[in-house]
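Q: Quick one: sequence and predicted model below, then my questions.
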Amino acid sequence: MKHNVKKILSSALVHILLLALVFINIFPLYWMVTFSLKTNDEILGYSYKDAETGQRVQVLPNHVGLPHHWEWGNYTEAMKTGNMGQYFINSLAVTVLAITITLIASFMATYALTRLVWKGRKTMSKFFMLGLTIPIHAAIVPVYVMLSKLGLLNTYSALIFPYSAFALAMGILISTGFMGDIPYDLDEAAFLDGCGTWGIFLRVIAPLMMPAIATVGIYTFLQCWNELLFATVFVSSGKYRTLPVGVQQLFGQYTTRWGPIGAALTIATMPTLIAYAFLSRRIQGSFIAGAVKG
Amino acid sequence: MKKTFSYRLNIFLFLLPALILFVGILIAPIAMSAYYSLNDFNSVAGKSMTFVWLDNYKELFSRTLLNSETGKAFVNDKFMGDALVNSLVLAALSVFIQLPLALLIALKLSKGITGERAYLSVFFMPVLISTVIIGRLWMNIYDPGKAGILNAALKAMGIDQWLFPWITKHISSSKLPFTGQWTGFKETALGAAFIPILWQYVGYHMLLMYAGIKGVPADLLEAAKLDGCREGQVNRYIIIPYIKPILKVSVIFAVTGSLKSFDLIYTLMKDTTKAELPSTLMYKLLFLHNRYGLGSAIAVILIALCFLFAILISLAFRDKGEKVS
Amino acid sequence: MKKLLALVVAVVMLLSVSSAFAEEKTVLTMWCIATESDANRPAYEAAIAAFEAAHPEVEFKWEAFENQSYKVKIKAAMADPESLPDIFFTWAGAFLGDFVDAGNVYCLDEAYLPFAEQLPEVMLQNASYNGGHYGVPLTMNIVALFANMDLLAEVGYDTVPTTYEDLIACCDALVAAGITPFGCAGSETWCVTEYLEPIIEKTIGYEALNEIFAGRATWNDPAIATAVDTFQDMIIKGYFDPNGLALGNDQVKANFIAGEYAFYQNGSWNCGEVDDAEGNFQVALFPVMDAEKATYGQVIGGPSDTLAVSATSKNPELAAQAAFELGKEICHYGYLAGSGLPAWTPDYDTSAVKQLVADVAKIVAEADGMVLFGDTAMSADPANTYLNFVSKVYGVEIDGAGFVDSLTSALQ
């Protein structure tokens, strides 16, 4: 009996600590959404002269409460000047295409590195792992010049190819884990059935690599979706501008107006979080798979 | 399988897309950077490069320069040492605060606690938010004006009464009073940058470790329990050794991530000198000072360090008797 | 059959003619920093609309970027000049000078001739290199001391103090009355220079400062150390909002306009915004610190916002003409909106010019000497080294002697 009470108490304590962490995780986001719906007066507090007494009355800022007056205008403003919808679509297009290219390139490379036998494949694997250590900002100017010479500046490609290149090392690392789980007997059987190396890759390996798609996809997504500096420098036209650049630009414009900034932050965050709310189990599962295989 | 010409050709073709991307966009630019780092090179003014051997590296690491007129020494403004120390502090904070916290949560959650999935989902969520947004959000949280939520909270609880004077007393670099300008002082700016990183990535590492713990064979845990091990002992002697490979990955990511960290500080602070990191210094030298050679030297140092740390960490996690590959 | 053939030929000809017409529309591109809610945006929009109306044969495409990322972008573009737009915004002085050195900027000497009467040559000075003109100035600005007269009145001042002793007395009175005298954004180093440069100028004189910025003299002058120490004394005495250390300029400006500071020293481009705000504001200059070397009428500033034409432009003559026509109109609308003084001689009704702008214009007309903003005057490496040390000054991390020693040797 005593033991039980102790157990309940300790489990309650664990929950209290975990809930505190949940609070810390959620609170900044809650705060962001509330101040996106407030006016500057409400966020900063203000003072006015009372008409009857002639005294100055201080109104304290409303820091954490829900807005007294829901200022939806902040959202219209952020959508209108910020062109956030377009930027969101651009980010999506760039990310999806970068993921696709990363997947194709890393599956093919991993196949050659793990299932085909040749001298130097170990060295080649390590060579690709170099990619994990390279800071993306070190390459801006040479990559800029190259993209410019190829006439790719100011297109989706200007971001898609560099993003794929930087995601490749991680992609190969994860694919190696997944591909290692596919029994070699299958290759042999397919070979005896008359399949060549391409046949084995396309008919046997590729279909079995389906679970890896989500995993590589998530890691690539995390890299591409947030990238700021390449997206600023390689793209000029607003037509191809991505979300982080758009958000950054909006900050420059509304430096002191908290409402529209909050609205822009919320608009930029929500689609991902909503998608996450529906897919959290799958996303976590795939993310975990990457850790275990990698 | 036969090693015919067509077999070799196939190997090459399979590697081709990856090689084009990797060599074209990563290796070639980095090789160029490595070459630039040995030159005095102003990228913008189009002046021709002059080969200066390791002068750029020397300039980065000379702690002081001497004033030839007065004979006095002063601190070099392009001093890489400070930035390097800052990034190592950040790495140490990540490894010794963030990862243990992540491990603790992972251990608790993996024991089948009520609401396990919900906790997991919430803790992982910040990973998916853009760093630009997190930087800006925390900039608002730290705001020293009336809207800043952190200072408002400290004031509401009366903590500022003793905390701010205490910080003022212990800030050596400034004669100004601390009134909650978290990103304004050298002593607090790095911490102010670490908190959002902790906030964002604790869930990332937690989920990695959680996955590892879930992979521990059930019979191993059963056997340990039958032997009378308490929870702490199971954690220490069974689970943690079992998930060592994952811990290794976490440590490598935390350290190389700290070394390369840029976006957060860039968006959190307008003036990065208060919490200068190698990457922000590199950005400044490349795009503000127009010192392309000097900036490239930092790129080379960063790559070398990331590589070095990855190897060192692998060595540290090596099982006894195992050969390092 | 013949008829059909004739018809086909006619159609083909018509198509080719019409496509030739379509191709005749020359495309001009421009990059600038007038983003959607930049104070200068309306001026750019009006100027471009006017240009398009006057040149129907030109298709004008322009993009605006956030200031900080624009600097990275324009410098990366210099690595491959082919990727530059026809016209780009730049700061005059050494910023543009580096691009000119690289041979990436088109010389405007010829294109300038038809505009010479409306644009005094002295206004092109900051964008002239080796005797050639390379930039079209838009507006010109100086560092101005904005004062909230309502707050000054509370401590018994009805004019802005014009001597240093008077200013100090005024600040002491303000502090005693619980009013913060100055606001300065320490997190943006250029804002600190808006205080430091006038103080140095008023201590050593404008000729000496000009020599230093131009690299013809070193920083090794004990008077500069004294000036820095004076500035730091003011900070330590609590004349500056301590929160300024972590605030951005827009917040500080908003605080000043909301009546939280008595003074705000910053560029005269703020005139429009301050003038529009409720309250009683005046502009003045920082007082003289050393009367033997400096006079009240010495100012910091000059034309800096500039349009330049890239050397790789396919239609450099047209682009140059466009740069001048746009520059003139941006200047016109910017002047009326209060974002600066005109670099171009106004040929329009100026009665609607805002009071503060007119006051600044008077100050400039009576100026005894002018020094361009330090970070514009110096080339990239020294300018940013200078800024690095200035940022240490505001946090009182180094003193005047340390500042002088460091800069002297770093910029040898």
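A: Done, it's in.

Q: Who are the packing partners of the strand or helix carrying A:Ala105?
A: For A:Ala105, the host element (DSSP states H and E) is helix A:84-114. Counting contacts by 3 or more C-beta pairs under 8 Å, 6 or more residues apart in numbering or on different chains; DSSP states H and E, helix A:84-114 packs against helix A:121-129, helix A:157-180, helix A:210-225, helix A:243-253, helix A:258-293, helix B:5-21. The C-beta positions use only the backbone N, C-alpha and C, and glycine is treated the same way.

Q: elements contacting the shortest one?
A: If I follow you right, that is helix A:121-129. Using 3+ C-beta pairs under 8 Å, 6+ apart, the elements in contact with helix A:121-129 are helix A:84-114, helix A:157-180.

Q: Nearest to C:Pro198, out of those?
A: helix A:84-114 (41.0 Å; C-beta to C-beta).

Q: just the angle between that closest one and helix A:210-225, please?
A: Calculated by axes from the mean of the first three to the mean of the last three C-alpha atoms, to 10 degrees, helix A:84-114 forms an angle of 130 degrees with helix A:210-225.

Q: Going by neighbour count, which residues in helix A:84-114 are buried?
A: The neighbour-count check on helix A:84-114 (16 or more other C-beta atoms under 10 Å in any protein chain shown) flags A:84, A:86-88, A:90-91, A:94-95, A:97-99, A:101-103, A:105-114 as buried.

Q: Grab the nearest non-local neighbour of residue 146.
A: Went with chain A since none was named. Of all residues not flanking A:Met146 in the chain, B:Gly24 sits nearest, at 7.2 Å (C-beta to C-beta, 6 or more residues apart in numbering or on different chains).

Q: Chain C was what I was after
A: Using C-beta to C-beta, 6+ apart, the closest residue to C:Phe146 is C:Tyr264 (4.6 Å).

Q: again with B:Asn42
A: Closest to B:Asn42 by C-beta to C-beta, 6+ apart is B:Asn290, at 5.1 Å.

Q: cool, C:Phe231 as well?
A: C:Phe231's closest residue in space is C:Ile199 (C-beta to C-beta, 6+ apart), at 5.2 Å.

Q: so which strand or helix has that neighbour?
A: Taking DSSP H and E as the definition, one finds C:Ile199 inside helix C:189-204.

Q: pLDDT score for C:Leu167?
A: Reported pLDDT at C:Leu167 in the predicted model: 96.

Q: Report the separation between it and C:Glu110.
A: The spacing between C:Leu167 and C:Glu110, counted by C-beta to C-beta, to the nearest Å, is 49 Å.

Q: So which of those two has more stuff around it?
A: Comparing C:Leu167 with C:Glu110 by neighbour count (other C-beta atoms under 10 Å in any protein chain shown), the higher total belongs to C:Leu167, at 22 against 11.

Q: which residues touch the nearest residue to the more buried one once chain neighbours are set aside?
A: Closest residue to C:Leu167 apart from its sequence neighbours, by C-beta to C-beta, 6+ apart: C:Pro161 at 4.2 Å. Listed by C-beta atoms under 8 Å, 6 or more residues apart in numbering or on different chains, the contact set of C:Pro161 reads C:167, C:169-170, C:287.
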